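Enquirer: take this sequence and fold it.
(4 chains)
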Number of protein chains: 4
Amino acid sequence: MKTTRVEAFSDGVFAVIITIMVLEMKVPHGAEPAALRPVLPVFLSYVLSFVYLGIYWNNHHHVFHAVRQIHGPSLWANLHLLFWLSLIPFVTGWMGENDFATWPVALYGLVLICAACAYVVLERSLIKHEGKHSTLAVALGKDVKAKLSILLYAIAIPLAFIRPWLSCTLYVVVAITWLIPDPRIERAIAKSERH
Amino acid sequence: MKTTRVEAFSDGVFAVIITIMVLEMKVPHGAEPAALRPVLPVFLSYVLSFVYLGIYWNNHHHVFHAVRQIHGPSLWANLHLLFWLSLIPFVTGWMGENDFATWPVALYGLVLICAACAYVVLERSLIKHEGKHSTLAVALGKDVKAKLSILLYAIAIPLAFIRPWLSCTLYVVVAITWLIPDPRIERAIAKSERH
Amino acid sequence: MKTTRVEAFSDGVFAVIITIMVLEMKVPHGAEPAALRPVLPVFLSYVLSFVYLGIYWNNHHHVFHAVRQIHGPSLWANLHLLFWLSLIPFVTGWMGENDFATWPVALYGLVLICAACAYVVLERSLIKHEGKHSTLAVALGKDVKAKLSILLYAIAIPLAFIRPWLSCTLYVVVAITWLIPDPRIERAIAKSERH
Amino acid sequence: MKTTRVEAFSDGVFAVIITIMVLEMKVPHGAEPAALRPVLPVFLSYVLSFVYLGIYWNNHHHVFHAVRQIHGPSLWANLHLLFWLSLIPFVTGWMGENDFATWPVALYGLVLICAACAYVVLERSLIKHEGKHSTLAVALGKDVKAKLSILLYAIAIPLAFIRPWLSCTLYVVVAITWLIPDPRIERAIAKSERH
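Expert: A predicted model of the protein is given here:
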């Protein structure tokens, strides 16, 4: 089966998730700047989650670009990733409404770990079908970056019980390392097209 | 008429339904784990509905993959299916907010029956146009699986008035039997492509 | 310019409108069937609006199928149609929450008139570019059906101040006449493909 | 990489943003026309934002039509634009619920400036890759129109502290100048196709 419809459906889910998060920023009643004060932490957590969803969409885009066919198990691995991403608006709202308190920050990290693991599972599932010597497999290699991110999230969660802002800093650091779309895949595709 | 736009529109509706369900999980006010307690049943019903919508999207994807052209009646059969699926966020929310009480669990089953019947009607409508010897018709056969699911939902509804958790177990069992995308269609397509 | 992206964007807007309407059906607090009583009129108005949006999507699909290229003015005519359709969730909610009272029923009719006029404007704009002897122009002819619908809505609005249910009956009658996708276009396309 | 998936994702985000704005128009409780009074300013700000999002979609459509390939930095420039546009429902709601008061009107202008700058950055990023003599670069030229709009928004913001309605008038004036899709690009494409 071709990947077009999986991509279209995933794009739709990404688009809805990234946009309904903004609904967690409730319109304040007053018209003064002070009325915006309680919205500020929700806004900050919105920015963080927007960047994370942008990263996932970007990487999803790059990975599926290197995939030629998709099969049953990969369809479910993709839905599994979308499930964890769909929880991001909820944890974003909880974290923002409680001024980055301990438990919400820890839960945010847990959802990030689950999404990252689901992403690795999706990659494995796609590589299994494409073959060990496929463009995708060569491009991703051992994917140290994804595994390192999971490790950093795993450190951030207990850290939230000491200093929540330290966990948030870690989330921001991981996001920055991912902001650049995966040059490995672009390079590998360019290479395989040259041959 | 080609199926591309029906698929695009259906993908959009699936994407929105699967994602707005998460809005039923209201962000709690407290920052303690206890604040999440009332969200738990809503979360569980969300997981169940997410899986069901994933199953419907997967099967929809498989069925339309085997269809070459679509006509008026099938367009409406498709919208009819989407109508019942669009009620899932409402019944999911009602079931979750009432800790899987009798009436909400029964209504959930009723919507599942209606969606399953609408799906069978859509299949019949597509097969009618594709012909009895088409890839699709051969692939689906008598679709015992779909009919068995309807039977199990029909058992689950009265069961909700005795033990609601038994009905929920039935819903979970049906979902598990469907988790694997329809190998009949993949096989039939592979076969028809070989000839 | 090709029509693919206009269709994709319109499909997205249709998908979101048709689905967020269901959010107007607020999940009731009780778990008894009586708790569903106040949701009933909202549900009925939801069904009516779902059918109307289905009709518009269906006709939009048919019309754009016969269009080869799209230009600036038609892009805006399309957005103009989507604007009026985007108001349907609001008027549906108002009508449903007030048990089909006079003013909400009249406003519903007004939005239907505006949407129908916007649709006629879109058709004119597309035909102007495709040419008087194009498949589309021949297929639509004078579009008596669309004009008759506008007339019936215009009768339904003042009628709401006498008997709101009579207006609702008219809305249902118009919907039924449109349920069948436009055979004129299918026939004209089939004809032009035969030549 | 081809632009199809970026366009599909952007179309999805545009479709969701333009439609969830309507959720800010809360269904009033009364059934009398007077109950609609408080909704009126929200409706007016909705119309303004709908037109702005329509303009952005239209221009996005035109620009990407002239683009053949997309790379990493442009993907992020596109997400950056979508981020600012995703804030429009929030500022629209704040402006509408406070009857076009000073601070909400000023913040609305700020989001418009940020979106306009993000749009210019996206154009620059795309031109950098397409080349100075590409269809796109020739079509856009120095893009005086976009820069003039930013200037007018910059005037509108301080003006909100004197007369908010003057700022709103400026927003409407800028919108009107943009209502017509960019004929420069259509012309340049037609020209490059003729060669």
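
Enquirer: and stretch A:70-81, what's buried?
Expert: A:70, A:72, A:73, A:74, A:75, A:76, A:77, A:78, A:79, A:80, A:81 (16 or more other CB atoms under 10 Å in any protein chain shown). For the C-beta atoms, the positions are set from N, CA and C on the backbone; glycine is no exception.

Enquirer: could you dump those into CSV with pLDDT, secondary structure and distance to residue A:102 added?
Expert: As requested, these are arranged in CSV below (pLDDT from 0 to 100; DSSP: H, G, I helix; E, B strand; the rest coil; distance: CB to CB, whole Å):
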residue, pLDDT, secondary structure, distance to residue A:102
A:70, 85, coil, 40
A:72, 80, helix, 41
A:73, 86, helix, 37
A:74, 89, helix, 37
A:75, 89, helix, 37
A:76, 91, helix, 34
A:77, 94, helix, 32
A:78, 95, helix, 33
A:79, 94, helix, 31
A:80, 95, helix, 28
A:81, 97, helix, 27
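
Enquirer: which element is residue A:8 on?
Expert: Using DSSP states H and E, the element containing residue A:8 is helix A:4-20.

Enquirer: quick check: next helix or strand after that helix?
Expert: helix A:39-65.

Enquirer: is that following helix up against chain D anywhere?
Expert: Yes: applying CB under 8 Å from any CB of the partner chain, one finds helix A:39-65 touching chain D at A:47, A:50, A:54, A:57, A:58, A:61, A:64, A:65.

Enquirer: just give me the neighbour total for the fifth one.
Expert: Think residue A:58. 21 (other CB atoms under 10 Å in any protein chain shown).

Enquirer: ok, now the last one?
Expert: Close neighbours of residue A:65, defined as other CB under 10 Å, add up to 18.

Enquirer: confidence score at it?
Expert: Per-residue confidence at residue A:65 stands at 84 (pLDDT).

Enquirer: and the gap between it and residue C:11?
Expert: 23 Å (CB to CB, to the nearest Å).

Enquirer: next one: the fifth one
Expert: Taking CB to CB as the criterion, residue A:58 is separated from residue C:11 by 23 Å.

Enquirer: quick one, what contacts the residue lying closest to residue A:6 once chain neighbours are set aside?
Expert: Leaving aside its sequence neighbours, residue A:6 sits nearest to residue A:70 (CB to CB, 6 or more residues apart in numbering or on different chains; 5.6 Å). By CB atoms under 8 Å, 6 or more residues apart in numbering or on different chains, residue A:70 lies in contact with A:1, A:2, A:3, A:6, A:126, A:129.

Enquirer: then residue A:16?
Expert: Contacts of residue A:16 (CB under 8 Å, 6+ apart): B:15, B:16, B:19, B:20, C:16, D:12, D:16.

Enquirer: ok, the nearest residue to it once chain neighbours are set aside to residue C:127 distance?
Expert: If you skip the residues right next to it in sequence, residue A:16 has residue B:19 as its closest partner in space, 4.0 Å away by CB to CB, 6+ apart. Here residue B:19 is placed at a distance of 37 Å from residue C:127 (CB to CB).

Enquirer: ok, residue A:114 next?
Expert: Using CB to CB, residue A:114 is found at 53 Å from residue C:127.

Enquirer: of these two, which one has the most company?
Expert: residue C:127 (21 against 18).

Enquirer: excluding chain neighbours, what is closest to the more buried one?
Expert: Nearest one to residue C:127, counting by CB to CB, 6+ apart, is residue C:137 at 4.7 Å.

Enquirer: same question, residue A:46
Expert: That would be residue A:21: by CB to CB, 6+ apart, it lies 5.7 Å from residue A:46.

Enquirer: got it, and residue A:53?
Expert: residue A:18 (4.7 Å).

Enquirer: report how many residues lie close to that neighbour.
Expert: Residues lying near residue A:18 (other CB under 10 Å) number 30.
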